[in-house]
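Engineer: Requesting a structural model of the entry that follows:
(2 chains)
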Amino acid sequence: MPENLSALDLVLTGDPALFAIVRLALIVSLSAVLLAALVGVPLGAAIALSSFRGRDAVIVFLNAMMGLPPVVIGLMVYLALSRSGPLGSWGLLFTPQAMVIAQTILVTPIIAALARQTIEDLWLEYRDELTAMEVGPLRRLATLVWDARFSLITALLAGFGRAAAEVGAVIIVGGNIEGFTRTMTTAIALETSKGNLPLAIGLGLVLIAIVLAVNALAWALRRAAERLAG
Amino acid sequence: MIGRLVLVVAVLTIGGPALAQDKSIVVASTTSTQDSGLFGHLLPRFKARTGIDAKVVALGTGQALDTGRRGDADVVFVHARSEEEKFVAGGFGVKRYPVMYNDLVLIGPRSDPGRVGKSKDIVEALRVLKARTLPFISRGDRSGTHLAELKLWKEAGIEPAAGKGGWYKSIGQGMGAALNTASAAEAYVLADRGTWLSFRNKGDLAILVQGDKRLFNQYGVILVNPVKHPHVKKAQGQQFIDWLISPEGQGAIAGYKIDGQPLFFPNADDPNA
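Structural biologist: Residues are numbered from 1 along each chain as shown, chains lettered A, B, ... in the order given. Below is the predicted model:
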């Protein structure tokens, strides 16, 4: 990134390096949230609707995994993807794909745990109705997920917030390579280490603005969808 | 299954740069070369000449060599000669080429409570810091600068670990973070001149000791051994090394200046470096 420029200058002049960083940060975090939702929502719903021995333990475990330190996930993914690791032949270390994998692991428990709670609450409400209608378990699950879709957006946003804010995992598995795996948070860490504190703070404000914009967009979509749904 | 799915989606969304036949190498290097801005100056020139993207992962020297040992980089570009020679002797690297040097400087508060700034003798300065238990920030991260620091303490006959948590604070972070800490704590710190010159949060810090021959800091570059790690991009990695030690690469290194001051001094032609 050019020296002697404030973050505001970078935004106003449409600095291509800044936009590449923002673009990558969004692609990585949104891909991770999408993948985590594909796994986490059905998983959370399945736990919500089932009863089995050790269910409480599973729920406690899932809730605890929401607090997984990004740096630990980063390290585990690093060791797995390293050329000397079990998945080394994929050649994915220090690539955006590796960052997506790490963030997906980070975000999945958050979405699964929040989806479990949301759907369980809804299930308690609809239990008699759905039982009386004698629908099968898969249908039941799909109905509840569909009915909870607006509330589940909050779970996805919580996951997105976590992914967009973390630096520990992406810096380890991505390597903070300029123009390739540098994202907002790793750029902020780098500028801080260069003692360029005003630029670091400025980039932080840009990041907050982006997260705000994503949340506003999600809220607007939810409103529009609710109106359509009547 | 999930891994496969992640891969498919990630490749679809990002376009699979890792799977494409791109011309790129991964260089594991040090924070001093990145934070000082040297790579920002060199890499576009290297790319213009060869079309190869050199992707730099900036770590401490110890960690950079580990990355090479694991086969996660094609080239390592670091500064700790004895460690580099061990790396080659262990079969992890093909050959070590000297590239350039810079020097370390002792940074401290402008007021210099230990009055160490009046002499050029770095070892004597460290003895004063210890005797007066003045705060000292150590990288503590097995980086080249950290190893050089430990060597100097040894020469001074001091075991700094005894002062850990007290006057000697080992932070386990990069050069910039160590300078930020020293700036906030009005402490002494050993830094490479390049990072110091380009550092923007100097606060009340200043160079106190410089010019001692023992502060000389040599950089070497090594191709990771393709015999050990067959996926290493041997030809492109060697092209990077050849360019660095060529007159063009050496000239580019000499031409990198901040405020008119050169940061690194090319010396690929010095067989003893």
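Engineer: which helix is the longest one in chain A?
Structural biologist: helix A:96-132 (DSSP state H).
Engineer: How about that helix and chain B, touching?
Structural biologist: Yes. Using CB under 8 Å from any CB of the partner chain, helix A:96-132 reaches chain B at A:96-97, A:100-101, A:104. Quick note: C-beta positions are derived from backbone N, CA and C, even for glycine.
Engineer: quick one: which of the residues you listed is nearest B:N102?
Structural biologist: A:P96 (32.7 Å; CB to CB).
Engineer: Where does pLDDT dip in the chain?
Structural biologist: Went with chain A since none was named. A:1-5, A:230 (pLDDT under 70).
Engineer: nope, chain B
Structural biologist: Using pLDDT under 70, chain B drops low at B:1-21.
Engineer: Show me what the spatially most central residue of it is bridged to.
Structural biologist: Geometric centre of chain B, nearest residue: B:T30, 3.3 Å, by CA atoms, centre = their mean. B:T30 has the following beta-bridge partners by DSSP bridges: B:L59.
Engineer: Do you have the helices of the chain handy? List them.
Structural biologist: No chain specified, so I'll use chain A. Using DSSP H, helices in chain A cover A:7-12, A:16-49, A:55-65, A:70-81, A:96-132, A:137-147, A:149-165, A:168-174, A:184-193, A:197-229.
Engineer: oops, chain B please
Structural biologist: Using DSSP H, helices in chain B cover B:2-14, B:31-35, B:38-50, B:61-69, B:81-89, B:122-131, B:144-155, B:175-185, B:193-198, B:234-245, B:247-254.
Engineer: and for the last one, what are the contacting residues?
Structural biologist: Same thing as helix B:247-254. B:38, B:41-42, B:45-46, B:49, B:99-100, B:243-244, B:262, B:264-266, B:268 (CB atoms under 8 Å, 6 or more residues apart in numbering or on different chains).
Engineer: Report the angle between that helix and helix B:38-50.
Structural biologist: 160 degrees (axes from the mean of the first three to the mean of the last three CA atoms, to 10 degrees).
Engineer: The nearest residue to B:R214 once chain neighbours are set aside and A:D121, how far apart?
Structural biologist: Excluding the flanking residues, the one nearest B:R214 by CB to CB, 6 or more residues apart in numbering or on different chains is B:I122, at 5.7 Å. According to CB to CB, to the nearest Å, B:I122 and A:D121 sit 67 Å apart.
Engineer: Neighbour count for these two, which is higher?
Structural biologist: Remark: of B:I122 and A:D121, B:I122 carries more neighbours, 24 against 13, as counted by other CB atoms under 10 Å in any protein chain shown.
Engineer: I'd say the more buried one and B:L208 touch.
Structural biologist: No. Counting by CB atoms under 8 Å, B:I122 does not reach B:L208; the two are 9.8 Å apart.
Engineer: List the residues that are in contact with both of these two.
Structural biologist: Here B:I122 and B:L208 have B:L106 as joint contacts, going by CB under 8 Å, 6+ apart.
Engineer: before we move on, the earlier item: how about the longest helix of chain A, which residues are buried there?
Structural biologist: By 16 or more other CB atoms under 10 Å in any protein chain shown, the buried positions in helix A:96-132 come out as A:96-120, A:122-123, A:130.
Engineer: go on, stretch A:72-89?
Structural biologist: Residues of stretch A:72-89 classed as buried by neighbour count (16+ other CB under 10 Å): A:73-83, A:85, A:87-88.
Engineer: Of these, which fall within the contact range of chain B?
Structural biologist: Answer for the buried residues of stretch A:72-89 near chain B (CB under 8 Å from any CB): A:82-83, A:85, A:87-88.
Engineer: Which two among those residues are spaced furthest apart?
Structural biologist: A:R83 and A:L87 (9.7 Å).
Engineer: related to what we said a few turns ago, for the helices of chain B, please prepare JSON lines with the additional fields distance to A:L217.
Structural biologist: Formatted as JSON lines, the helices of chain B follow (distance: least, CB to CB, whole Å):
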{"stretch": "helix B:2-14", "distance to A:L217": "18"}
{"stretch": "helix B:31-35", "distance to A:L217": "35"}
{"stretch": "helix B:38-50", "distance to A:L217": "34"}
{"stretch": "helix B:61-69", "distance to A:L217": "39"}
{"stretch": "helix B:81-89", "distance to A:L217": "50"}
{"stretch": "helix B:122-131", "distance to A:L217": "55"}
{"stretch": "helix B:144-155", "distance to A:L217": "45"}
{"stretch": "helix B:175-185", "distance to A:L217": "35"}
{"stretch": "helix B:193-198", "distance to A:L217": "38"}
{"stretch": "helix B:234-245", "distance to A:L217": "42"}
{"stretch": "helix B:247-254", "distance to A:L217": "45"}
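Engineer: how close does the residue lying farthest from the centre of chain A get to chain B?
Structural biologist: Most distant from the centre of chain A: A:A132, at 37.1 Å, with distances by CA atoms, centre = their mean. For A:A132, the distance to chain B (CB to the nearest CB, to the nearest Å) stands at 36 Å.
Engineer: Now do the same contact list for A:G175.
Structural biologist: Per CB under 8 Å, 6+ apart, neighbours of A:G175: A:93-94, A:181, B:26, B:55, B:57.
Engineer: out of these, which is most surrounded?
Structural biologist: Within the contacts of A:G175, most neighbours by other CB under 10 Å means A:L93, with 29 neighbours.
Engineer: Do I have it right that that one meets A:Y78?
Structural biologist: Yes. Using CB under 8 Å, A:L93 is in contact with A:Y78, at 6.8 Å.
Engineer: Identify the contacts common to those two.
Structural biologist: With contacts defined as CB under 8 Å, 6+ apart, the residues shared by A:L93 and A:Y78 are A:V173.
Engineer: Which residues of chain A lie near chain B?
Structural biologist: So far as CB under 8 Å from any CB goes, chain A lies against chain B at A:3, A:27, A:31, A:34-35, A:38-39, A:82-85, A:87-88, A:90-97, A:100-101, A:104, A:175-178, A:180-181, A:190, A:192-197.
Engineer: Tell me which of the helices of chain A is the most buried.
Structural biologist: helix A:168-174 (a mean of 26; mean count of other CB atoms under 10 Å in any protein chain shown).
Engineer: how big is the angle separating the longest helix of chain A from helix A:16-49?
Structural biologist: Using the same axes, to 10 degrees: helix A:96-132 against helix A:16-49 is 30 degrees.
Engineer: Which strands or helices does helix A:96-132 pack on?
Structural biologist: The helices and strands touching helix A:96-132, judged by 3 or more CB pairs under 8 Å, 6 or more residues apart in numbering or on different chains; DSSP states H and E, are helix A:16-49, helix A:55-65, helix A:70-81, helix A:137-147, helix A:149-165, helix A:168-174, helix B:2-14.
Engineer: With adjacent residues omitted, what lies nearest to A:L10?
Structural biologist: Leaving aside its sequence neighbours, A:L10 sits nearest to A:L18 (CB to CB, 6+ apart; 4.4 Å).
Engineer: quick one: contacts for that neighbour?
Structural biologist: If you count contacts by CB under 8 Å, 6+ apart, A:L18 has them with A:1, A:7, A:10-11, A:203, A:206.
Engineer: A:A200 contacts A:M184, doesn't it?
Structural biologist: No. Using CB under 8 Å, A:A200 makes no contact with A:M184, being 10.7 Å away.
Engineer: got the residues of the stretch 101-250 of chain B near chain A?
Structural biologist: Within the stretch 101-250 of chain B, the positions adjacent to chain A are B:173-177, B:179-180, B:183, B:198-202, B:229, B:231 by CB under 8 Å from any CB.
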